[in-house]
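In: Fold the following, please.
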Amino acid sequence: METTNKKTAYNSNIKCEGCIAKVTPHLNELIGEDQWQVDIGSPSKTLTVEGDVSEADINKALQKAGYWAKKA
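Out: Below you'll find the model as predicted:
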């Protein structure tokens, strides 16, 4: 049986490696390691999340580190 992971993209204000380091523990706790990534090279600083996690839960985790995300 094949499983597919839902991927959702968010625009964010995570703009550098230091920012990623700040949000990593919070996102890993919520989503899990290797279940998210940030493209800091994109103009919208795209956060891509695998799995079924709500935008509200993602923002709660990010706000702990002073960041936000909005569904792209």
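In: C-alpha only now, for contacts and for neighbours.
Out: Will do.
In: which residues of the protein fall in strands?
Out: With DSSP state E as the criterion, the chain has strands at 7-12, 36-39, 46-50, 69-71.
In: quick one: low-confidence parts of this structure?
Out: Within the chain, the stretches with pLDDT under 70 are 1-4.
In: let's see 80
Out: For the chain, the stretches with pLDDT under 80 are 1-5.
In: and the direction of the helix of greatest length in it versus that of strand 46-50, what angle?
Out: For the chain, the helix with the greatest residue count under DSSP state H is helix 17-30. If you take axes from the mean of the first three to the mean of the last three C-alpha atoms, to 10 degrees, helix 17-30 sits at 20 degrees to strand 46-50.
In: Output the contacting helices and strands for helix 17-30.
Out: Secondary-structure packing of helix 17-30 (3 or more C-alpha pairs under 8 Å, 6 or more residues apart in numbering; DSSP states H and E): helix 55-63.
In: Report the buried residues of the helix it packs on.
Out: The neighbour-count check on helix 55-63 (16 or more other C-alpha atoms under 10 Å) flags Ile58, Asn59, Lys60, Ala61, Leu62 as buried.
In: how near is the fourth one to Cys19?
Out: It refers to Ala61. Applying C-alpha to C-alpha, to the nearest Å, the value for Ala61 to Cys19 is 13 Å.
In: Let me have the strands of the chain in CSV, extended by distance to Leu30 and mean neighbour count.
Out: Formatted as CSV, these follow (distance: least, C-alpha to C-alpha, whole Å; neighbours: other C-alpha atoms under 10 Å):
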stretch, distance to Leu30, mean neighbour count
strand 7-12, 15, 18
strand 36-39, 10, 18
strand 46-50, 11, 21
strand 69-71, 14, 17
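In: got the ones you listed as TSV, with distance to Glu29 columns?
Out: TSV is the format used below for these (distance: least, C-alpha to C-alpha, whole Å):
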stretch	distance to Glu29
strand 7-12	18
strand 36-39	11
strand 46-50	13
strand 69-71	17
